[in-house]
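1. return a 3D structure for these sequence lines:
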Amino acid sequence: DYRFDRVLFQFSLHQRRLSPTSMQCNAHRSMPRSILQVWLLPLLLTASCGTLPASEAQSGPGGGQGGPGGDRNGPVAVQTATAETGTLNGLLTYTGTTRPAQQVALRSQVSGEVIQLSADVGDPVDRGMLLAQLDGDLQTTDLNQAQAELATRRAQTVQAAVSIADAQASVVQAQATLDQARIDAQRLRSLANEGAISLQQAEAAELAATNAQQALLSAQAQVAAQRQALASATNQIDAQQAVVAQSQRQLSYADLRSPLTGVVLSRLVDPGDFVQSGATVLELGDLCTLEVTVQVSELDIAQLSIGQAARVELDAFPGEGSLPGRIEHIAPVADGVSRLIPVQVTLPSPDVRIGSGLLARVTFAPEQRGAQIPVVVPVSALEVGEDESTVFVIEGSGEQAKAIARPVRTGARNQDRVEILSGLAADDAFVVQ
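-> This is a model prediction of the structure:
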């Protein structure tokens, strides 16, 4: 949580003075007055250097810094650090493997021979791009047959419509015949009643009218039958159109197109291979966003939450820093034996070299819920007085650098570190010891 430098530093104590014993400066009273140097030796992360002017070294009343009464403000060997936010709970680090956040297996949906393969491992692909083609002769034949059957169904529909028209014409003719037969039967019955014609002739006319009525009913039934035939033919057309659409879809399956924009992760077939329906041809992935799944102990899971920040370091790229990530998912079920819980972390991939299958070290800073993350410093940097605690902050740089005592308000502490709640901000340089 902090960076150390070793410094031979001149203190200008504006608020309080430290005794030579507390500042551990006895070893430096023998240094010449005319020379004051500042050495910065990198201990953890960064390095810097500077010197203080000789005029900043104050002589003591005993004849200089090396005398027995040396100045309490003489040069002192100290360590410095840069204040950083952190937690006393420490960092949680787990290992996992990188994989694309979106990864698909491009499978064949029909059986056939691979006649063209236009993508190889590592090639970039765009959504909808044609990557492979299968032999589609069988699907073409099925499509032609389905289209021919559809044409037959449509012809039957036309024929049914013509038959309906003929039946309707027969109905009209039968109705006219019936009307005439009824008129003739009534007229002949009147004549038979008057004795002008025989009764047999009247009965024959009435029988003709009855036959005409039966003919009308038959013609009407024929119209209804033809209408049912037309409806059946129409339904068959709809069904056959679905068969044609299915055949066209099957033929389109011979063309394998990318469902996403990304890169080819692996190729499992070569041109000329025969693949069965459902066989994987290519594996594709979007490497713009990666995910790492780590197995977190049940003892640490309470310190994590969805959306929490994480840092990811890759062993494949040592010395190139870490990548920012965030917790995307936390599994609700732990392994019954190991008591480990899968936690999924997503991170952007700014480098095309970062791919799938790399060893990743994921570090979580335990979340500070409901409060701002405090600054954490070593206990040795804190000077505890009767009324207040003090940290010596470095102000200025180079020859103008000074160590100024600054009161601070402290929080929780452990054996090595203490939280600073106020008085010291992140990135402030301070004296460790």
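2. residues near Gln276, how many?
-> Using other CB atoms under 10 Å, Gln276 is surrounded by 10 other residues. The C-beta positions use only the backbone N, C-alpha and C, and glycine is treated the same way.
3. so how far is Leu134 from it?
-> Gln276 sits 11 Å away from Leu134, going by CB to CB, to the nearest Å.
4. all strands for the stretch 151-300 of the chain, in order.
-> Assigned strands in the stretch 151-300 of the chain, in chain order: 255-257, 262-267, 274-275, 280-297 (criterion: DSSP state E, counting those that start in this stretch).
5. in TSV, list the ones you listed along with distance to Arg326, mean pLDDT and mean neighbour count.
-> Formatted as TSV, the strands of the stretch 151-300 of the chain follow (distance: least, CB to CB, whole Å; pLDDT from 0 to 100; neighbours: other CB atoms under 10 Å):
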stretch	distance to Arg326	mean pLDDT	mean neighbour count
strand 255-257	32	94	17
strand 262-267	21	93	19
strand 274-275	39	92	16
strand 280-297	11	94	20
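6. ok, the nearest residue to Ala334 once chain neighbours are set aside - contacts?
-> In this structure, Ala334 finds its nearest non-sequential neighbour in Ile341, 4.6 Å apart by CB to CB, 6 or more residues apart in numbering. Applying CB atoms under 8 Å, 6 or more residues apart in numbering, one finds that Ile341 lies in contact with 295-298, 301, 330-331, 333-335.
7. before we move on, the earlier item: please enumerate the shared neighbours of Gln276 and Leu134.
-> Ser108.
8. and the residue nearest to the spatial centre of the chain, how far from Val269?
-> In the chain, the centroid-proximal residue (CA atoms, centre = their mean) is Ala101; its distance is 5.1 Å. Ala101 sits 26 Å away from Val269, going by CB to CB.
9. likewise Ser380?
-> Distance of Ser380 to Val269, computed by CB to CB: 65 Å.
10. do a quick rundown of the helices in the stretch 101-250 of the chain.
-> Here the stretch 101-250 of the chain has its helices, by DSSP state H, counting those that start in this stretch, at 137-194, 199-252.
11. tabulate these in a markdown table, adding columns for mean neighbour count and distance to Ala119.
-> Formatted as a markdown table, the helices of the stretch 101-250 of the chain follow (neighbours: other CB atoms under 10 Å; distance: least, CB to CB, whole Å):
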| stretch | mean neighbour count | distance to Ala119 |
| --- | --- | --- |
| helix 137-194 | 15 | 22 |
| helix 199-252 | 15 | 18 |
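12. quick one, which of those helices is nearest to Val78?
-> Nearest to Val78, of all the helices of the stretch 101-250 of the chain, is helix 199-252, at 75.3 Å by CB to CB.
13. any weak-confidence spans in the protein?
-> Scanning the chain with the threshold set as pLDDT under 70 gives 1-77, 87-90, 366-372.
14. report the separation between the residue of it positioned farthest from its centre and Val110.
-> Distance from the centre of the chain peaks at Gly195, with 104.9 Å (CA atoms, centre = their mean). Gly195 sits 89 Å away from Val110, going by CB to CB.
15. just Gly357 next, same as before
-> 31 Å.
16. which one's more surrounded, these two?
-> Neighbours per residue, other CB under 10 Å: of Gly357 and Val110, the larger number sits with Val110, 19 against 9.
17. list the contacts for the closest residue to the more buried one other than its chain neighbours?
-> Leaving aside its chain neighbours, Val110 sits nearest to Tyr253 (4.5 Å; criterion: CB to CB, 6+ apart). Counting by CB under 8 Å, 6+ apart, Tyr253 makes contact with 108-110, 134, 139.
18. which of those sits closest to Asp416?
-> Ser108 (61.1 Å).
19. not counting sequence-adjacent ones, nearest residue to the closest one?
-> In space, Ser108 is closest to Val275, 4.7 Å off (CB to CB, 6+ apart).
20. pretty sure the one you found sits against Asp135.
-> No. Between Val275 and Asp135 there is no contact under CB atoms under 8 Å: 10.2 Å.
21. kindly provide the distance from the residue nearest to Ser108 to Ala132.
-> In terms of CB to CB, Val275 sits 9 Å off from Ala132.
22. give me the common contacts of those two.
-> Joint contacts of Val275 and Ala132 (CB under 8 Å, 6+ apart) are 114, 269, 281.
23. ok, so of these, who is nearest Arg127?
-> Using CB to CB, these come closest to Arg127 at Val281, 16.9 Å.
24. any of the contacts of Ile341 buried? List them.
-> Buried members of the contacts of Ile341, counted by 16 or more other CB atoms under 10 Å: 295-296, 301, 334.
25. farthest-separated two in these?
-> Gln295 and Ile301 (10.6 Å).
26. re earlier: backbone torsions only: list them for the residue nearest to Val110.
-> Main-chain dihedrals, Tyr253, degrees, to the nearest 10: phi -70, psi -20.
27. how near is it to Asp126?
-> 20 Å.
28. now distance to Gln214 too, for the buried ones among the contacts of Ile341, in a markdown table please.
-> Shown next, in a markdown table, are the buried ones among the contacts of Ile341 (distance: CB to CB, whole Å):
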| residue | distance to Gln214 |
| --- | --- |
| Gln295 | 89 |
| Val296 | 90 |
| Ile301 | 89 |
| Ala334 | 86 |
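29. out of those, flag the one nearest to Val432.
-> Closest to Val432, out of all of the buried ones among the contacts of Ile341 and judged by CB to CB, is Val296, at 32.8 Å.
30. would you mind measuring from the closest one to Pro271?
-> Val296 sits 45 Å away from Pro271 when distances are taken as CB to CB.
31. and Leu382, by the same measure?
-> Leu382 is 72 Å from Pro271, by CB to CB.
32. the more surrounded of those two?
-> Neighbour totals were compared for Leu382 and Pro271, and Leu382 leads with 19 against 12 (other CB under 10 Å).
33. what sits against the more buried one?
-> Applying CB under 8 Å, 6+ apart to Leu382 gives the contacts 389-391, 408, 410, 418.
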